[in-house]
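Participant: Generate coordinates for the sequence data below:
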Amino acid sequence: MIKYGGDKAFYYPEGDYIQVPPKTQFISPHGYYETLFHEIGHWTGRRNRPNRNMGLEQTTRAKEELVAEMFAGFALHKIGLDADIKNVTAHIQSWIQAIMNDKKAVLWASREAKKAVQFFESGINCQAS
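Facilitator: Modelled structure (predicted):
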């Protein structure tokens, strides 16, 4: 479920929904879709979906953010848009320190993002809660 409103975008695992500000609050439609796909990337990590560790530990969160950004990039590419590298860089920059010591983080995130895209494209269980 996607709820519209507020001024922040997020995935709320406990309620299993995505909250996104109205499209009018985004500078461009591109920014809206980039944000929406990022949050859908998080949505794919739930236990009844590809099931990633969605814990709050800093390294775990950093890796999950990397997966969500990669998912958004792959999804944007599928619909003919490119990710805004400035936005991606700014978002990842805040998490980079947490994954610096994990040499496999980028490979793991890429594999998990690919699984998430495949799951999303398959349409399986997209209405699951």
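
Participant: same for the helix or strand encompassing V106, what does it pack against?
Facilitator: Assigned by DSSP states H and E, V106 belongs to helix 105-122. Using 3 or more CB pairs under 8 Å, 6 or more residues apart in numbering; DSSP states H and E as the contact test, the elements touching helix 105-122 are helix 29-43, helix 58-78. Heads up, the C-betas are built off the backbone N, CA and C, glycines and all.

Participant: go again using 6 Å as the cut-off
Facilitator: Contacts defined by 3 or more CB pairs under 6 Å, 6 or more residues apart in numbering; DSSP states H and E place helix 105-122 against helix 58-78.

Participant: so how far is the helix it packs on from its chain's centroid?
Facilitator: Remark: helix 58-78 is offset 5 Å from the chain centroid, using CA atoms, centre = their mean, to the nearest Å.

Participant: Pull out the CA atoms of it and give them to me as CSV.
Facilitator: Output for helix 58-78, consisting of C-alpha atoms alone and laid out as CSV, is shown next (Å, rounded to 0.1, in the frame of the first residue of the first chain):
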residue,chain,number,x,y,z
GLN,A,58,24.1,0.8,11.5
THR,A,59,25.9,-1.5,9.1
THR,A,60,22.7,-3.5,8.4
ARG,A,61,20.8,-0.2,7.7
ALA,A,62,23.6,1.0,5.5
LYS,A,63,23.5,-2.1,3.4
GLU,A,64,19.7,-1.9,3.1
GLU,A,65,20.0,1.7,1.9
LEU,A,66,22.5,0.5,-0.7
VAL,A,67,20.0,-2.2,-1.9
ALA,A,68,17.2,0.4,-2.1
GLU,A,69,19.3,2.8,-4.1
MET,A,70,20.4,0.1,-6.5
PHE,A,71,16.8,-1.1,-6.8
ALA,A,72,15.7,2.4,-7.6
GLY,A,73,18.4,2.8,-10.3
PHE,A,74,17.5,-0.5,-11.9
ALA,A,75,13.8,0.3,-11.8
LEU,A,76,14.4,3.8,-13.3
HIS,A,77,16.4,2.3,-16.1
LYS,A,78,13.6,-0.2,-16.9
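
Participant: Thanks again, I'm all set now.
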